[in-house]
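In: Sharing a sequence plus its predicted fold:
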Amino acid sequence: MSKTIIIALYNRNYRIFFAGQGLSIIGTWMQNVALSWLIYRLTDSAFMLGLVAFMGQIPNFVLAPFAGVWIDRLGKRAVLIITQILSLLQATLLAYLTLSSQIGIDHILILSLFLGCVNAFDVPARNAFSVEMMDTQEERQNTIALNSVTYNMARLLGPSAAGILIPLIGEGYCFVLNVASYFISILSLLALEISANSQAKRHSNMLAHFQEGYRYTFKQLPLRNILILLGIISLTAMPYTVLLPVFVSQHLNASAGTLGFLMAVSGCGSLLAAIGIASRSEFQGLEKLLVVAAIIIGVGLLAFLLPANLWLAALLMFILGVGFLIQVVGSNTLLQCMVDDSMRGRVMSFYTMTLMGIGPIGSLLAGLLASEIGAVYTMAIGGVCSIAGAVFFARRLSVFRIQACPIYVQSGSLSSRDECRY
């Protein structure tokens, strides 16, 4: 294996972080799949799937921009330890209510909202913290890609395990396994050796600190356009995952095992794409891949209009896994290569707001729309919007490259303008 692909793993702290977070995310994916199946089993409602997804993610839209201020003030590891403890408590309650047969949709809505509030702090802290462990730009870029490898390995293993375990032991014990994974994550965070310059940076005026982050993120065209394209994808295309239980049940006439299989296939596509990005030593040029990824997503969603069968669905899920991975990781990498360490928590909070905060609005709309016109046509509309977003971004590529160059130099990603590729 090329050293470029795993260069970040030569760092002791990152190895521990990589292992602990990997196991935790496997547990999270098991819980996500089990919870989706539980919701649909309890309600038989596409709208309710969308509503739960909305409740679980809307806090990212409201809280994430302000979470970045606290992340930079309190220190990223401290925030992560707190969020993992709170996530453990949420999973424990979910497991108890399910195993005691007391679970209802009202409990699920409240617990999903609670976890969404926690994730509004957890996700940007995790993104910023892992990158700050590294010393060189090559290591940092590789860290972002390996984070995605971790996520997508979990996305491959977690749904597969859930698809096997749900028929055997039920949703409740999938939640119990997620509880165990959070214990491992907390222990790994406590085992890290963090230097003083990685600790909290305190500021007296939180409002001014927030405004500084907002101006830095949205007044610069390259950062702004990355977030606009990601926002279009999050709003219109990513909600397809909420509709998968409906598609599996109504169009494939299949069970939870098929849902887990399709999500695992998507994870496999994302994993291969993540390994490809991890092998890159050059971040310039990723902006063109964002356009390609948006087109792949659009075509993949439109193809669900074709007559449904399991193997076509699996192929489309693989393609979508590739497209979404490139979109999400490419955006993350470019943003991280543009920011100073002092701004990283705040920029990543706006990234989290765009990726995970706009999505719930799309999930709610997708649930409503699917109730009226069906899941397949709803996904096709998302495909059209993705292609439109690709056209928007592609028409501004030349300006993007010109304006990105001095930002790369200022952040230290490039040593001089001579290294810029226009």
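Out: Arrived safely.

In: mind listing what's buried in the helix or strand hosting residue 323?
Out: Assignment of secondary structure by DSSP states H and E places residue 323 within helix 310-338. Within helix 310-338, the residues that count as buried by 16 or more other C-beta atoms under 10 Å are 313-314, 316-338. In short, each C-beta sits where N, CA and C put it, glycine included.

In: For it, enumerate the helices and strands it packs against.
Out: Contact here means 3 or more C-beta pairs under 8 Å, 6 or more residues apart in numbering; DSSP states H and E; on that basis helix 310-338 packs against helix 105-132, helix 137-169, helix 221-236, helix 256-278, helix 286-302, helix 344-352, helix 397-411.

In: Need the ones you listed in TSV (columns: distance to residue 91 and mean pLDDT).
Out: TSV is the format used below for the helices and strands packed on helix 310-338 (distance: least, C-beta to C-beta, whole Å; pLDDT from 0 to 100):
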stretch	distance to residue 91	mean pLDDT
helix 105-132	8	85
helix 137-169	13	74
helix 221-236	25	91
helix 256-278	19	79
helix 286-302	30	92
helix 344-352	21	80
helix 397-411	37	81
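
In: most tightly surrounded among those helices?
Out: helix 344-352 (a mean of 27; mean count of other C-beta atoms under 10 Å).

In: Let me know the angle separating the helix or strand following that one from helix 221-236.
Out: Next helix or strand after helix 344-352 toward the C-terminus (DSSP H and E): helix 359-373. Interaxial angle, helix 359-373 versus helix 221-236 (axes from the mean of the first three to the mean of the last three C-alpha atoms, to 10 degrees): 40 degrees.

In: Look up how far residue 355 lies from residue 235.
Out: Distance, residue 235 to residue 355, by C-beta to C-beta, to the nearest Å: 11 Å.

In: related to what we said a few turns ago, to residue 179, which of the helices and strands packed on helix 310-338 lies closest?
Out: Among those, the nearest to residue 179 by C-beta to C-beta is helix 105-132 (12.9 Å).

In: can you give me the angle the closest one makes with helix 137-169?
Out: Using the same axes, to 10 degrees: helix 105-132 against helix 137-169 is 150 degrees.

In: which helices and strands sit right next to helix 105-132?
Out: So helix 105-132, by 3+ C-beta pairs under 8 Å, 6+ apart, packs with helix 12-43, helix 46-74, helix 76-99, helix 137-169, helix 310-338, helix 344-352.

In: what does stretch 355-372 rub up against?
Out: 45-51, 53-62, 64, 116, 119-120, 123, 230-231, 234-240, 242-243, 246, 328, 331, 377-378, 381-382 (C-beta atoms under 8 Å, 6 or more residues apart in numbering).

In: list the buried ones in that stretch?
Out: Quick answer for stretch 355-372 (16+ other C-beta under 10 Å): 355-367, 369-371.

In: hmm, which two among these are most spread apart?
Out: 355 and 371 (25.5 Å).

In: rewinding a little: need the buried ones from the contacts of stretch 355-372 selected in PyMOL.
Out: Per 16+ other C-beta under 10 Å, the buried members of these correspond to this PyMOL selection:
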select buried, resi 45+46+47+48+49+50+51+53+54+55+56+57+58+59+60+61+64+116+119+120+123+230+231+234+235+236+237+238+239+240+242+243+246+328+331+378+381+382
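
In: before we move on, back to that, the helices and strands packed on helix 105-132: which one's closest to residue 181?
Out: Closest among the helices and strands packed on helix 105-132, using C-beta to C-beta: helix 12-43, at 2.9 Å.

In: Average pLDDT for that closest one, rounded please.
Out: Mean per-residue pLDDT for helix 12-43: 84.

In: is it true that residue 86 touches residue 118?
Out: Yes. The pair residue 86 and residue 118 qualifies as a contact (C-beta atoms under 8 Å) at a distance of 4.7 Å.

In: how about residue 184, secondary structure?
Out: Of the three states, residue 184 takes helix according to DSSP: H, G, I helix; E, B strand; the rest coil.

In: how many other residues sit next to the residue nearest to it when sequence neighbours are not counted?
Out: Leaving aside its sequence neighbours, residue 184 sits nearest to residue 23 (C-beta to C-beta, 6 or more residues apart in numbering; 4.9 Å). Neighbours of residue 23 under the rule other C-beta atoms under 10 Å: 19.

In: wait, what's in contact with residue 23?
Out: 181, 184, 185.

In: wait, what's in contact with the closest residue to the last one other than its chain neighbours?
Out: This points to residue 185. Leaving aside its chain neighbours, residue 185 sits nearest to residue 24 (3.7 Å; criterion: C-beta to C-beta, 6+ apart). Contacts for residue 24 (C-beta under 8 Å, 6+ apart) come out as 84, 181, 182, 184, 185.

In: 7 Å - rerun?
Out: 181, 182, 184, 185 (C-beta atoms under 7 Å, 6 or more residues apart in numbering).

In: Ok, residue 217 next?
Out: So residue 217 contacts 223, 347, 350 (C-beta under 7 Å, 6+ apart).

In: Secondary structure element holding it?
Out: Following DSSP H and E, the helix or strand that holds residue 217 is helix 206-218.

In: so for that helix, what's the average pLDDT?
Out: The model assigns helix 206-218 a mean pLDDT of 78.
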